[in-house]
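Enquirer: Quick one, what's the 3D model for this:
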Amino acid sequence: MAQPLSHDEISEALEFLNGWELGDDKIKKKFEFNNFSEALGFIVRLGLEAEKQVHHPGIYNVYNTVKIELSTHDAGNKVTQKDVDLAQAIESVL
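Expert: Here you go, the predicted model:
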């Protein structure tokens, strides 16, 4: 079972994740694209990465905007290193 990170550990990790923030026990980021096709392509690429990591984000899409929320279910829906790792991988998908 994954262990939740402390607030300080999350804050430190977020220093290296541009635009990500902590809220409601999740790390979150909003991405904006030129159009729906670009947003959908991003969702597919990040979905493939999430599947590799066996860790699945909350994904919300409206037209050209994609919102991602990460927390770990088996850690009581708190932020763990798994979330930080997936956020880093999502950034590399861009």
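Enquirer: and Pro4, backbone torsions?
Expert: phi -60, psi 140 (degrees, to the nearest 10).
Enquirer: Check what pLDDT it gets.
Expert: With respect to pLDDT, Pro4 has a value of 98.
Enquirer: again with Leu94
Expert: 88.
Enquirer: ditto for Glu38
Expert: 98.
Enquirer: Tell me how far the closest residue to it other than its chain neighbours lies from Ala39.
Expert: Spatially, and ignoring its direct neighbours in sequence, Glu38 is nearest to Asn64 (7.0 Å; C-beta to C-beta, 6 or more residues apart in numbering). All C-beta atoms are positioned from the backbone trio N, CA, C, and that covers glycine. Going from Asn64 to Ala39 by C-beta to C-beta, to the nearest Å gives 5 Å.
Enquirer: Tell me which of those two has more neighbours.
Expert: A side-by-side neighbour count of Asn64 and Ala39, using other C-beta atoms under 10 Å, places Ala39 first with 18 against 15.
Enquirer: where does Leu17 fall, phi/psi-wise?
Expert: The main-chain torsion angles of Leu17 are listed as degrees, to the nearest 10 and equal phi -120, psi 90.
Enquirer: From Glu51, how far off is the residue nearest to it when sequence neighbours are not counted?
Expert: In space, Leu17 comes closest to Ala87 once its chain neighbours are excluded; the distance is 5.3 Å by C-beta to C-beta, 6+ apart. In this view, Ala87 and Glu51 are 16 Å apart by C-beta to C-beta.
Enquirer: Between these two, which is the more surrounded one?
Expert: For Ala87 versus Glu51, neighbours defined as other C-beta under 10 Å are more numerous around Ala87 (22 against 10).
Enquirer: Can you report how many residues neighbour Val54?
Expert: 7.
Enquirer: what's the following helix or strand after the biggest helix by length in the chain?
Expert: Longest helix in the chain, counting residues (DSSP state H): helix 36-53. Using DSSP states H and E, the next helix or strand after helix 36-53 towards the C-terminus is strand 58-62.
Enquirer: buried residues in that next one?
Expert: Neighbour counts over strand 58-62 (16 or more other C-beta atoms under 10 Å) mark Asn61 as buried.
Enquirer: Tell me the strands beside it, with direction?
Expert: For strand 58-62, the paired strands and their directions (DSSP bridges) read strand 65-70 (antiparallel).
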